[in-house]
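*Asks:* Build me a model from this:
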Amino acid sequence: MATSVVVIGAGVSGLTTAVCLAESGLDVRVDTDLPPDATTSTSAGAMWDPYLVEPGDVVERWSWVTLSELTELSTDADLRDTGVRMVEGTQECRVPCAMPPWGPMAGARRCAQDELRPGYAAGWRYRAPLVDMPRYVQYLVGRLTAAGGRLRRHHHDTLDAAVREAPVVVNCSGVGARSLAADPEVEAVRGQLVVVENPGIRTFFCDDTPGAEELTYIYPHPDALVLGGTADRGNWDLRPDPAAAEAIIRRCAAVEPSIAAARVMEHRVGLRPARTTVRLTQERRDGTLLLHNYGHGGAGITLSWGCAREITERVHKALAEESTAPWITP
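*Replies:* Numbering: from 1, shown residues only. Okay, the predicted model is just below:
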């Protein structure tokens, strides 16, 4: 018989976790303050990139699982409208630096000097999944529904109240975990980006200069460019900042001059759920199996399938252990 599971949060971590649990045969409901298309996830860039997240050893494992899943989804993009495409491009640094540890995982190669943009001293070229997040979130909702899962608009004030909802609860509340899980380690890192009409750019670019105060990235979709960005730690303001938007366009146009004349289509703001380390743990609370899956920083999409698969394995292992435990009499 199916086991009831409540997943708290309908961002990319919550939806992916819910999909994995539902497709594994469990009865799943997602409880969310906001509709999926109003979550931080739909404001993301978003590209596979282990950014602003620790610890490195498990991040590498979760990133690899997700890279494999997203690569497979990119082959089904036309058929299933996943919003995932494989795109080639470069990350470049203004100072000499080593390739990041995940480079070999993505098949990256170091750029020759004549491949770098003016003012850059090092870089690497690779192909990676680029995700149209509004479309991808809707794809995940459809996949969840097809597996028998469902969504409910509901706010949980405390985890003590939430664990009364089902035998298994998974907390994927993102920045909301600061209050819901009473976790002071969770901190918002505000991200702002600008969406403009695509003047014909087909490759991505990201400035990966160590210690850079400002983010610069260009993510190309067929009809639009996603330009970034900002990383304002401790800023919870969701209103677009016109000055920040102008600075983003100016930085990106310095890399690709055709951007300067591109029509602005949209401004997006989201709150990355930063934490010293990702919290993927489990506990027992009032007889309920409570699992936590949050603190993914700027790598929510990058870790989503790896973390979701591990949560699903943990749930099934715990349920199997319960089913074989001997009866204990007082």
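
*Asks:* Which of the three states applies to the spatially closest residue to Gly229 that is not a sequence neighbour?
*Replies:* Distance criterion C-beta to C-beta, 6 or more residues apart in numbering; nearest residue to Gly229, sequence neighbours excluded, is Leu215 at 4.1 Å. Yep, even glycine has a C-beta here, placed from its N, CA and C like the rest. The three-state label given to Leu215 by DSSP: H, G, I helix; E, B strand; the rest coil is coil.

*Asks:* Residue ranges in the stretch 151-300 of the chain under the pLDDT threshold?
*Replies:* The stretch 151-300 of the chain contains no residues with pLDDT under 70.

*Asks:* mind listing what the residue nearest to Gly229 touches?
*Replies:* Counting by C-beta atoms under 8 Å, 6 or more residues apart in numbering, Leu215 touches 207, 228-231.

*Asks:* now, among the residues you listed, which is nearest to Ile201?
*Replies:* Gly228 (14.2 Å; C-beta to C-beta).

*Asks:* ok, so what distance separates the closest one from Gly103?
*Replies:* 21 Å (C-beta to C-beta, to the nearest Å).

*Asks:* Those two: who's more crowded?
*Replies:* Gly228 (23 against 15; other C-beta atoms under 10 Å).

*Asks:* The lengthiest helix in the chain packs against which elements?
*Replies:* In the chain, with assignment by DSSP state H, the single longest helix is helix 300-324. Judged by 3 or more C-beta pairs under 8 Å, 6 or more residues apart in numbering; DSSP states H and E, the packing partners of helix 300-324 are helix 12-23, helix 56-75, strand 168-171, strand 279-285, strand 288-294.

*Asks:* any chance of the ones you listed in CSV, plus distance to Glu313 and mean neighbour count?
*Replies:* Shown next, in CSV, are those (distance: least, C-beta to C-beta, whole Å; neighbours: other C-beta atoms under 10 Å):
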stretch, distance to Glu313, mean neighbour count
helix 12-23, 9, 28
helix 56-75, 11, 17
strand 168-171, 13, 26
strand 279-285, 11, 14
strand 288-294, 11, 23
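
*Asks:* Val19 is in contact with Cys172, correct?
*Replies:* No: checked against C-beta atoms under 8 Å, the pair Cys172 and Val19 is beyond contact range at 11.8 Å.

*Asks:* The stretch 51-200 of the chain: strands as residue ranges?
*Replies:* 84-93, 109-110, 122-131, 150-153, 168-171, 187-197 (DSSP state E, counting those that start in this stretch).

*Asks:* Name the spans of the stretch 1-150 of the chain whose pLDDT lies under the cut-off.
*Replies:* 1-2, 52, 77-79.

*Asks:* try 90
*Replies:* 1-3, 45, 50-57, 75-81 (pLDDT under 90).

*Asks:* Using the three-state scheme, assign the nearest residue to His267 once chain neighbours are set aside.
*Replies:* Excluding the flanking residues, the one nearest His267 by C-beta to C-beta, 6+ apart is Pro240, at 3.9 Å. Secondary structure assignment for Pro240 (three-state DSSP): coil.

*Asks:* Return the member of the contacts of Leu215 nearest to Arg263.
*Replies:* Nearest to Arg263 among the contacts of Leu215 is Gly228, at 17.7 Å by C-beta to C-beta.

*Asks:* Tell me who's in contact with the nearest residue to Trp62 once chain neighbours are set aside.
*Replies:* Leaving aside its chain neighbours, Trp62 sits nearest to Gly306 (2.7 Å; criterion: C-beta to C-beta, 6+ apart). Neighbour list for Gly306: 61-66 [criterion: C-beta under 8 Å, 6+ apart].

*Asks:* Then Thr216?
*Replies:* So Thr216 contacts 205-207, 228-229, 248, 251-252, 255 (C-beta under 8 Å, 6+ apart).

*Asks:* In strands, which of those appear?
*Replies:* Mapping those onto strands (DSSP state E) picks out 205-207, 228.

*Asks:* Distance-wise, check the nearest residue to Ala108 once chain neighbours are set aside relative to His155.
*Replies:* Closest residue to Ala108 apart from its sequence neighbours, by C-beta to C-beta, 6+ apart: Tyr126 at 3.8 Å. From Tyr126 over to His155 the distance is 41 Å, taken as C-beta to C-beta.

*Asks:* again with Leu193
*Replies:* Distance of Leu193 to His155, computed by C-beta to C-beta: 27 Å.
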